[in-house]
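J.: whatever this is, show me its structure:
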Amino acid sequence: MADIPNLKPPPRPVIVDDIHLRNIQIILPVGPDPWHRSGKPQPCIASMKLSYSSAIAAATADDVSLSLDYGKLYRRIEAGIRDAGKSPIAVRDAMDIGRAEKGKEILLDQDVRIVADLITKCGLGLLDETIAGVRRMVHAHQSSPTRRRASQVSRRMSGEYADFLLQAPFYEGATPGTDPIDSIFGQCEVWVQLPKVLLWAQGGLKFRSVTTWGYDQTDLSPEDAAETGRQTLVLEEELRIEGIRCYCILGVNSHERLEKQCVMITLTFRGGRQTAWAVDTYQIMTKTVAERVEATSYQTVEALATFIARIATVEFGNDNVTVMVEKPSALAFVEKAGVEITRSKAFFAHQDFQRMKKA
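T.: Below you'll find the model as predicted:
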C-alpha cells in the first residue's frame, strides 16, 4: 500500500459479484520447514475471492468475452508463485512498505504475506486487464456503427443491459455507469495456509488479507480520482496459529490437580502494522508458548490465556493478540470448553506500571 494519507476505497457498488478459487494446491519452492531447514519445498493451500461490479453484462449477453477467466487466473497464480520462488524477492513495491525493510531481499515464505500479495496482485491485475480489454472492444464497435459485422456484444448490450445501466446506478447516489465492468471497484480476499510449517500446531499457520483499489479522494469523487492514479489498499490482515496442543495442570477441581490434561490454544493476530510476520518468528513463538504452558499449573483458564497473551505481545513484540484456550476433556458431552481473550502490549505495559506504583 502506498503511504498516501487520503488514500481511501471507493463506495461499495450496489451490485458486487465474486470469482472464487478454493483450496489451490501450491508447492512453495523455498523456505524453512518445521525442522528449520532452509530450501525445502513446502505445501501451501490458498483460496481467493475476487470481487468486482459486475457479471451482469456477461450474463445478459451470455458472452464469455465479458467475463473474468478463472482458468487464466489460476495459471497466472501458479506461474507467479513458481517464478517468485526461483530467487529472493526484493521488497520494492509500495504494497510491501512496512512489512520489511525496503530493498531487502526475502525468501518467498519467510513472510507468509508475500504469498498472499502475489495472489492478490494476480487477481487485481487480471481484473484490470479484463476491464481494459472489454472497454477497447466495446469502444471499437461503438466507433463503427455502420459496420456490417457488428458483434453480438454490441447488439446484446443495447438491450437488457443498457436498460439496467439507465435504471440502477452502480453506486448509491452516483450517476449511472457506462462500462460492462466497473473500472472503479476491485477487491481481493485471500486465505493462505501452511499446514506443515509448525511442529506444535495441528492447524498450521493461516493468513487472511483483504485488499482493494484505493484512490486519493481529496476534493475528488472516486471517478475523478481514478484518472489521477490507483493504488492498492490493504483493509484487513489476520494471522492465525491454530491448534497448539499442550498438556498442563489446569483447573480448580481436586481431580484436575492430579494429572495434566490436554489444552488446545489458538493465537490470532490482526492488523498490518505488527512486527514482521515471518515464518521463523512464529515457529519460535509457538514453541515457546507450548513449552512454557506445559510448566504451568493455573486454576483458571483466564489466567492461562492472559499468561499466553503476555508472551505473544510483550516478549515477541506484537501489538495485540487474541488467545483462545480450550479444554477438550472438561465436559463429558461437550467437544471443547474454553475462553477467548484479546490483549494488547499497551495493556500489559499499563498493568506493569500500576504494579510498580503500588510497590
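J.: so which bits of the lengthiest strand in the chain are buried?
T.: In the chain, assigned by DSSP state E, the strand with the most residues is strand 231-248. Across strand 231-248, burial judged by 16 or more other CB atoms under 10 Å covers 231-234, 237-242, 244, 246, 248. All C-beta atoms are positioned from the backbone trio N, CA, C, and that covers glycine.
J.: now tabulate those residues in a markdown table and tack on distance to Ser344 and pLDDT.
T.: Output for the buried residues of strand 231-248, formatted as a markdown table (distance: CB to CB, whole Å; pLDDT from 0 to 100):
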| residue | distance to Ser344 | pLDDT |
| --- | --- | --- |
| Gln231 | 29 | 91 |
| Thr232 | 27 | 92 |
| Leu233 | 24 | 92 |
| Val234 | 20 | 92 |
| Glu237 | 16 | 93 |
| Glu238 | 16 | 94 |
| Leu239 | 16 | 93 |
| Arg240 | 17 | 96 |
| Ile241 | 18 | 96 |
| Glu242 | 21 | 96 |
| Ile244 | 21 | 98 |
| Cys246 | 23 | 97 |
| Cys248 | 25 | 97 |
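J.: any chance of CSV for the residues you listed, columns distance to Leu205?
T.: Converted to CSV, those look like this (distance: CB to CB, whole Å):
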residue, distance to Leu205
Gln231, 28
Thr232, 23
Leu233, 24
Val234, 19
Glu237, 13
Glu238, 12
Leu239, 7
Arg240, 8
Ile241, 6
Glu242, 8
Ile244, 11
Cys246, 17
Cys248, 23
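J.: and these, which two are furthest apart?
T.: Of all pairs drawn from these, the greatest distance, 47.3 Å, lies between Gln231 and Cys248 (CB to CB).
J.: quick check: phi and psi at the closest residue to Arg257 other than its chain neighbours.
T.: Closest residue to Arg257 apart from its sequence neighbours, by CB to CB, 6 or more residues apart in numbering: Ile249 at 6.2 Å. In terms of degrees, to the nearest 10, the main-chain angles of Ile249 are phi -80, psi 120.
J.: from Gly271, how far off is Val321?
T.: 11 Å (CB to CB, to the nearest Å).
J.: Gly338 is in contact with Leu331, isn't it?
T.: No. With contact defined as CB atoms under 8 Å, Gly338 does not count as touching Leu331 (10.7 Å).
J.: may I see the buried residues of the following helix or strand past the longest strand of the chain?
T.: Remark: after strand 231-248, the chain's next helix or strand is strand 261-270, criterion DSSP states H and E. Buried residues in strand 261-270, defined by neighbour count with 16+ other CB under 10 Å: 261, 263-270.
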